[in-house]
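Visitor: make a model of this:
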Amino acid sequence: MTTTHTSYKLITADLTKSLERVSEQPDVARETEYYLATIGSIKTIDDFFADSRLYNYAMKAHGLEDMAYAKAFMRKVLSEGIDSDDAFANKLTDGRYKALVESLNFARNGEAATSFDRAQKGVADKYARQTLEQNAGEENAGVRLALYFSRMAPTITSGYAIIADEALAQVVRTALQLPDEFAAADVDRQAEAYEAAIDLRDFQDPEKLAAFLDRFTALWEVNNSTDSYDPLAVFGSSSGYGISSDLLLSINSLKLGGR
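Guide: Numbers count the residues shown, from 1 in each chain. The predicted structure is shown next:
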């Protein structure tokens, strides 16, 4: 059986080629063709929500497949944009929502929102990357975690950013050989411990990030070498990485459904 470390290295040795192979998969190619052929005709948020195929594609591309059902919540995210500090997406600790708005910024650009490259090829590229990570996770959850961390690491600027994302926290706890129970410790204590143990600026350096993930994948293999490990415990029921309590509270305050 191929180890976590080896599988991760095989994928990332030529990441461009790995992504090309994913993009050529019939189901991925079909959905991407539809998205690229259609997204430019979408002029409003209502149009976007009316086409469930487009909507679901964009949600998966941003790692939000598990939130596709919450259309009223997502409507609020997109309607308020990100230009105001008080915008809904800016108040959420999960950066995936802000990323979605950056791709499809109807609040700022109106009918022109879908004409930009970031709304077209940019989303298609994200979809391929999400699919690559999901496919890897079907074989080895540790590889999926490593791929996700390598993508998100440059955005980590504090210990709190690690705590806010359980997938990132899982990687860091594994690399630092911290028990899972550490996640129940005081939030400030966790953040201080992460920042004391890691120079977060290292995540901006490809070589240092690679060394960190080498350590993670090796330790993951040791800690999860039995067949009883359940990858769903890390990744949740779908493509996301768990819904935080503040997000659930926000969802409960809205009437779900949308149009």
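
Visitor: quick check: which ranges of this structure have low pLDDT?
Guide: 1, 225-259 (pLDDT under 70).

Visitor: what residues go with each domain of it?
Guide: Per automatic domain parsing, the domain ranges recorded for the chain read 4-124+246-252, 142-230.

Visitor: got CSV for those domains, with distance to Gln134 too?
Guide: Quick note: C-beta positions are derived from backbone N, CA and C, even for glycine. Compiled in CSV, the domains of the chain are given as follows (distance: least, C-beta to C-beta, whole Å):
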stretch, distance to Gln134
domain 4-124+246-252, 9
domain 142-230, 7
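
Visitor: could those domains go into a markdown table alongside mean neighbour count?
Guide: Output for the domains of the chain, formatted as a markdown table (neighbours: other C-beta atoms under 10 Å):
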| stretch | mean neighbour count |
| --- | --- |
| domain 4-124+246-252 | 17 |
| domain 142-230 | 17 |
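
Visitor: show me where the stretch 151-259 of the chain has its helices.
Guide: Applying DSSP state H, counting those that start in this stretch to the stretch 151-259 of the chain gives helices spanning 159-163, 166-175, 187-197, 206-223, 232-235, 245-252.

Visitor: out of those, which gets nearest to Ser115?
Guide: For the helices of the stretch 151-259 of the chain, the distance to Ser115 is smallest for helix 245-252, at 30.5 Å, taking C-beta to C-beta.

Visitor: how about the helices of the stretch 151-259 of the chain in TSV, adding distance to Lys9?
Guide: Below are these laid out as TSV (distance: least, C-beta to C-beta, whole Å):
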stretch	distance to Lys9
helix 159-163	24
helix 166-175	16
helix 187-197	25
helix 206-223	8
helix 232-235	20
helix 245-252	34
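
Visitor: out of those helices, which is closest to Gly81?
Guide: Comparing the helices of the stretch 151-259 of the chain by C-beta to C-beta, helix 245-252 comes nearest, at 16.8 Å.

Visitor: under a three-state scheme, what state does the most centrally placed residue in the chain occupy?
Guide: Centroid check for the chain by C-alpha atoms, centre = their mean gives Gly63 as the closest residue, at 4.3 Å. Per DSSP: H, G, I helix; E, B strand; the rest coil, the local secondary structure of Gly63 is coil.

Visitor: please look at it and Gly95 and confirm they touch.
Guide: No - taking C-beta atoms under 8 Å as the definition, Gly63 is not a contact partner of Gly95, at 9.8 Å.
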